[in-house]
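Novice: missing the sequence, but the structure's below:
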């Protein structure tokens, strides 16, 4: 079942979506806030990571980490794009963006919940974030190049700034400001909620008119996201069934929980309301899969 904190996150997510849609003028100053607050979320994730210990542990299982990283950053977005292209073409680009995102910063928590390897999960979070500027933009440009007019260089530049800056600041803060780091980590949950809320308000206020004129879009995007999650859960549950339990759980956690918040900010900068709405409403299947993951993936 969902934990209390997860339920609060869902409540805040949808309350702030509604605030942005129905009070767009009030939220207009926040139109450019999503990118900043996604960086805040990434900064909080980098603060609590012991990079040396993480590196030592990951090197004990380099092949497993590399395999999960390859599937996460290349193979899975290709698969999702192909499936949407065939069965639901309107969401092929949106699905590609979310599927190709780095692993969510909550992955280590989910790894602990399912008895997975927390260190490998944290390593995939970091590595998939660091390689994202060099994997996702080329995939988008290659697969969807004929349907969009976005240069490769601006996408790489934006992702690099959004990821490398908080990564660097996080390590500097942890190294030179330990007391500040401890305070931030103690407040990481409410700070994360605040960042998610501001991001949603900024995004949905920008597209308020579109949502009010086409209210079915959010429901349709949510259904598309739910279909994507269900398909990936079944596919990876079958593909990973022969792996050792700990590695199976680790692989599934790293693959099934994308950093949709990062893609939400990215979509607002470069794409349209369909991609932004898909990323925003992905919060529902993102957390609901926790209810089914154990049974479908055989993690009991």
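Specialist: Perfect, I can see it now. Only a predicted model underlies this, so the values are computations on that prediction, with no experimental measurement involved.
Novice: tell me where the stretch 1-150 of the chain has helices.
Specialist: Here the stretch 1-150 of the chain has its helices, by DSSP state H, counting those that start in this stretch, at 4-22, 24-27, 33-47, 51-59, 62-70, 76-87, 92-99, 107-113, 118-143.
Novice: of those helices, which is nearest residue 184?
Specialist: Residue 184 lies closest to helix 33-47 among the helices of the stretch 1-150 of the chain, at 5.8 Å (Cβ to Cβ). Heads up, the C-betas are built off the backbone N, CA and C, glycines and all.
Novice: between the closest one and helix 118-143, how big is the angle?
Specialist: On the basis of axes from the mean of the first three to the mean of the last three Cα atoms, to 10 degrees, helix 33-47 is oriented at 150 degrees to helix 118-143.
Novice: from the centroid of this structure, which residue is nearest?
Specialist: In the chain, the residue lying closest to the centroid (Cα atoms, centre = their mean) is residue 259, at 0.9 Å.
Novice: residues in contact with it?
Specialist: Contacts here follow Cβ atoms under 8 Å, 6 or more residues apart in numbering; on that basis residue 259 touches 101, 102, 103, 104, 105, 129.
Novice: could these go into TSV alongside distance to residue 255, pLDDT and neighbour count?
Specialist: TSV is the format used below for those (distance: Cβ to Cβ, whole Å; pLDDT from 0 to 100; neighbours: other Cβ atoms under 10 Å):
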residue	distance to residue 255	pLDDT	neighbour count
101	11	92	27
102	12	89	29
103	8	91	29
104	11	84	24
105	15	76	24
129	15	83	24
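Novice: narrow those residues to those in strands?
Specialist: Assignment to strands by DSSP state E places none of those there.
Novice: now the two most distant members of the residues you listed.
Specialist: 101 and 105 (11.2 Å).
Novice: remind me which residues of the stretch 51-200 of the chain are low pLDDT?
Specialist: 51, 53, 57, 61, 109, 112-113, 146-152, 155 (pLDDT under 70).
Novice: let's see that with 90 instead.
Specialist: The stretch 51-200 of the chain contains residues with pLDDT under 90 at 51-69, 102, 104-138, 140-171, 174-175, 178, 185-200.
Novice: try the stretch 201-300 of the chain
Specialist: For the stretch 201-300 of the chain (pLDDT under 90), the answer is 201-219, 222, 233-254, 259-274, 276-277, 279-300.
Novice: hey, where'd the helices end up in it?
Specialist: Under DSSP H, counting those that start in this stretch, the stretch 201-300 of the chain gives helices at 208-213, 216-239, 245-256, 260-270, 273-281, 283-288, 293-297.
Novice: any chance of these in TSV with distance to residue 153 as columns?
Specialist: Below are the helices of the stretch 201-300 of the chain laid out as TSV (distance: least, Cβ to Cβ, whole Å):
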stretch	distance to residue 153
helix 208-213	28
helix 216-239	29
helix 245-256	29
helix 260-270	12
helix 273-281	20
helix 283-288	30
helix 293-297	38
